[in-house]
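In: build me a structure from this.
(one chain, ligands or ions: 2)
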Amino acid sequence: MASTSITERPAEALSRSDLEVLSALEKKVLWLATWTIHHANHIRENSEGLKVGGHQASSASLATVMTALFLKALRPQDRVAVKPHASPIFHAIQYLLGRQTREKLELFRGYKGAQSYPSRTKDTDDVDFSTGSVGLGVAQTLFSSLVQDYVRAHGWATDMPEGRMIALVGDAELDEGNIFEAMLEGWKQGLRNCWWIIDYNRQSLDAVIREGLWARYEALFRAFGWDVVILKYGVLLEAAFAEPGGEALRAWIDQCPNQLYSALVFQGGAAWRKRLLDNFGGDDFEDRGAVIQLIERRNDDELARLMTNLGGHDLAALCESFSAVDHDRPTCFICYTIKGFGLPLAGHKDNHAGLMTPPQVESLRASMNVRPGYEWDRFEGLAIAPQTLQTFLDSVPFAQRKSGRKALTVAVPDHLQISIQPTMSTQAGFGALLNEIARDKADYVARIVTTSPDVTVSTNLGAWVNRRGLFAQQALADTFKSERIPSTFNWEFSPRGQHIELGITEMNLFILLSALGLSYAIHGQRLLPIGTLYDPFICRGLDALNYACYQNARFILVATPSGITLAPEGGAHQSISTPLIGMAQDGIAAFEPAFVDELAAIMSFALSYIQKDGDGEPSERNWLRDETGGSIYLRLSTRSIEQPQRQMTLDLRQAIIDGAYWMRRPGPNAQVVVAYTGAVAPEAIQAVGLMAEDRRDVGLLAVTSADRLNAGWTAAMRARERGLAHARSHVEQLLADVPPHCALVTVLDGHPATLGWLGAVHGHRTRALGVEHFGQTGSIADLYRHYGIDSNAIVAAAQAVAPGRPVRHLHALAP
Ligand SMILES: Cc1ncc(C[n+]2csc(CCOP(=O)(O)OP(=O)(O)O)c2C)c(N)n1
Ligand SMILES: [Mg+2]
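Out: Numbers count the residues shown, from 1 in each chain. Ligands and ions are numbered 1, 2, ... in the order given. Here you go, the predicted model:
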């Protein structure tokens, strides 16, 4: 427990009647959360016998803080990320406010019930930020605050009051490195309007945490420019400290190890008395008589109440500390709490997944004056008149929040201008496209915001940044420019800039994309975010990417360079698994174009796709749910390849977006079809050319999105299983005329499983080429040869799987 108390006691006091009402509601919140979990585990039908769970102790830890926050301190414009395992408390508060239904609570953790962890998309009671994977929701509030500044600096939403972005944070949650990465970035970007409220119960999932962490936290937060408010003791303890012998008691608590404190909390009043009397009973203690009297003046219950009266369970102290903040500096509240406070689980080191037994819930019910059968009644058993409670709840500022302003969509041209060089890489094409877009005065361009974790230049965003500038609250000139030192890049910051330059951490990139991509919902303003990074480093931020998708954030991720095609860059920068990530990641549509005209078509689709929010009926054409929209992942390359000279017809454009088109349609006698994705296009084309010398009708399928092809195929099969016999996906239509005896050779610079499934569409034998190992440096030719994705490898694979060719080979197999 060691710490110095810096409890701030601001002037503005909570009125007595408000405090009484809040205390009653705090009790009710704790009861409803506890009961919700109990109901799900012990009362609701559970034929599977699986533990439902629900974190009664972690919830109880925040009951007071969340009551003070939601029912008093929050303003309608504030937004909150709730510690995941305090979800029952959140739902209970919303239920009291009439914003959550009893049915959803009864179904807590069940199908379509209130969610285990607060979910923006699945819960119906106005969750601001989803949480679940600890650490991410915390950082999300920081980046949402930066996005609020970005939006306002660009002249949008200025008629709305600035909100605070608030996270309720578990103390062990602070172990997550992404939180500190975010804090550093927040400091760089001039973070404002952000509160992190730490539930300092000194317990994690497994055990009691290290002594003195609060001091490390305090130092860290202050180092990054945050205000720190520590709420250590509640009013009862503060009053006791003022009694004779009180200072000795304070010193004892301050020195008490966390484990011992927790154990005594669990054991209760008699154990406190014994331990304190043992400690203060010795002859050597000068103030002995006074402390013993202080202890003896209280019975066991009173003593237990006193010794557990920490700042985080003191409604008045919390309300006052929150209302005392009259500035926009980022502020951290370290609230001393007890995990399981008010429940028999309190303080026990094993309480994380602990559930109260039915007799324990029974006695809690009785102590709360809740009659059997009235467990869900909102005001049951409270000593205050229902009308008074209702009047209070009706005036809670947070509950005055109107459902979010619907962000408008912005029109994006179907055709994006670009002058394509005879040979070009998709990465260079991306840079050229954005350069062209940057010159356009159209509305949608103003809504584009780019960001990159220190790879802006090396992912070809430089030209865009030169035209549109970097974003910062304070203008900052490019000194190299004013000193007339030649440089390709104009690095000028201003509040109008449209590029947010981040430090290297990919976690921050994804959480910022999540915040930018939720601006439509959180700030009511449409942004079109584009983030760039090196493809292999997607894995570095993957959980944050998943989190962004889970929250339905909308953005375009441009990952380049990729694969082994970045050849001389070497093993550590090569990516193999990312095409599979692109396919498997829910909420994101992955593309890997080979040519720049494909990229232009995909970009224009992407800019409108990320704005879509329709209902989920699949299109009859490709069986994709394009109307629901999502995010986009583009896997690009630095390899310059010869570009096709062709007209971008509507049909071609559509096929590129649906995921594939015939570069060379196979004839009726085709024995081989080569299907390729991305930078290996020249090898695939060359291999088909070689094979065409002695085979007829060889086909060449350009796959621009294995992800969308696969998703459409699965959806069409599902539709047929439901009786829609006519359902045909894009890939089924494409491969329908490929003769049954024809073999497929698939190839990409990525894991072969990405395209290996193509043979299963109509039962064609398939050999899937790709990269399974990595780590070599060399030229592209060296590496393609080494890993078996060059034209020779394609021809050899075709010879092995295509019937009748070469004859010599077949004879060799004959008995
Ligand atoms: C990224 C991640 N890792 C692990 C978990 C599992 N987990 C859930 S809560 C928790 C401990 C949380 O402790 P603390 O933040 O102190 O919260 P408390 O339970 O004390 O309220 C862990 C390890 C998780 N949810 N997310
Ligand atoms: Mg904890």
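
In: I'd guessed residue 701 sits against residue 677; true?
Out: No. At 9.6 Å, residue 701 and residue 677 do not qualify as touching, with contact defined as CB atoms under 8 Å. Any C-beta I mention is one placed from the backbone N, CA and C, and that applies to glycine too.

In: who has more neighbours, these two?
Out: residue 677 (30 against 26; other CB atoms under 10 Å).

In: roughly how far does the more buried one sit from residue 322?
Out: Distance of residue 677 to residue 322, given as CB to CB, to the nearest Å: 54 Å.

In: what helix or strand is the most centrally placed residue in the chain on?
Out: The centroid of the chain falls nearest to residue 547 when counting by CA atoms, centre = their mean (2.4 Å). In this assignment (DSSP states H and E), residue 547 forms part of helix 542-550.

In: contacts only, for residue 240.
Out: Going by CB atoms under 8 Å, 6 or more residues apart in numbering, residue 240 touches 246, 249, 294, 306.

In: scratch that, residue 93
Out: Applying CB under 8 Å, 6+ apart to residue 93 gives the contacts 29, 66, 67, 70, 71.

In: what strand or helix carries it?
Out: Secondary structure from DSSP H and E places residue 93 in helix 87-96.

In: that helix close to ligand 1?
Out: No. Where contact is defined by CB under 6 Å from any ligand atom, no part of helix 87-96 touches ligand 1; the two come within 10.7 Å at best.

In: coming back round to it: give me the contact list for the helix holding residue 547.
Out: Residues contacting helix 542-550 (CB under 8 Å, 6+ apart): 119, 121, 130, 132-133, 136, 139-140, 178, 506-507, 509-511, 513-514, 517, 538, 555, 557, 581, 585-588, 630-631.

In: which members of these additionally contact ligand 1?
Out: Near ligand 1, by the rule CB under 6 Å from any ligand atom, you find residue 133 out of those.

In: report the buried members of the contacts of helix 542-550.
Out: Among the contacts of helix 542-550, the ones that count as buried by 16 or more other CB atoms under 10 Å are 119, 130, 132-133, 136, 139-140, 178, 506-507, 509-511, 513-514, 517, 538, 555, 557, 581, 585, 587-588, 630-631.

In: so which of the residues you listed are in strands?
Out: Those of the buried ones among the contacts of helix 542-550 mapping onto strands are 557, 588, 631, per DSSP state E.

In: quick one: residue 500 is in a strand?
Out: Yes. Judged by DSSP: H, G, I helix; E, B strand; the rest coil, residue 500 forms part of a strand.

In: show me where the stretch 51-200 of the chain has helices.
Out: In the stretch 51-200 of the chain, the helices defined using DSSP state H, counting those that start in this stretch lie at 56-61, 63-68, 87-96, 102-106, 136-153, 177-189.

In: got these as TSV, with distance to residue 254 columns?
Out: Output for those, formatted as TSV (distance: least, CB to CB, whole Å):
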stretch	distance to residue 254
helix 56-61	21
helix 63-68	22
helix 87-96	29
helix 102-106	40
helix 136-153	28
helix 177-189	27
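
In: could I get the ones you listed as a markdown table with distance to ligand 2 and mean pLDDT?
Out: A markdown table is the format used below for these (distance: least, CB to the ion, whole Å; pLDDT from 0 to 100):
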| stretch | distance to ligand 2 | mean pLDDT |
| --- | --- | --- |
| helix 56-61 | 7 | 98 |
| helix 63-68 | 12 | 98 |
| helix 87-96 | 14 | 98 |
| helix 102-106 | 24 | 98 |
| helix 136-153 | 13 | 98 |
| helix 177-189 | 14 | 98 |
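
In: what sits against the residue in the stretch 551-700 of the chain positioned nearest to ligand 1?
Out: Nearest to ligand 1 in the stretch 551-700 of the chain, going by CB to the nearest ligand atom, is residue 551, at a distance of 15.3 Å. Shown in contact with residue 551 (CB under 8 Å, 6+ apart): 120, 121, 129, 130, 140, 514, 518.

In: could you pull up phi and psi at the fourth one?
Out: In terms of degrees, to the nearest 10, the main-chain angles of residue 130 are phi -70, psi 150.

In: helix/strand/coil for residue 633?
Out: strand.

In: just the one 4 residues further on next, same as before
Out: Under three-state DSSP, the three-state class of residue 637 is coil.

In: name the helix or strand of the protein that has the lowest mean pLDDT.
Out: Least confident helix or strand, the chain: helix 807-813 with a mean of 38, by mean pLDDT, DSSP states H and E.

In: quick one: low-confidence ranges for the stretch 201-350 of the chain?
Out: For the stretch 201-350 of the chain, residues meeting the criterion pLDDT under 70 lie at 283-286.

In: before we move on, what about the chain?
Out: The model of the chain has pLDDT under 70 over residues 1-13, 283-286, 404-405, 803-815.

In: write out the residues of it neighbouring ligand 2.
Out: Selection of the chain residues close to ligand 2 by CB under 5 Å from the ion yields 170, 171, 172, 201, 203.

In: nearest spatial neighbour of residue 467, skipping sequence neighbours?
Out: Excluding its sequence neighbours, the residue lying closest to residue 467 (CB to CB, 6 or more residues apart in numbering) is residue 438, at 3.7 Å.

In: before we go further, residue 433 is sitting in a helix, right?
Out: Yes. Assessed with three-state DSSP, residue 433 lies in a helix.

In: if I look at it, how far off is residue 761?
Out: In terms of CB to CB, residue 433 sits 32 Å off from residue 761.
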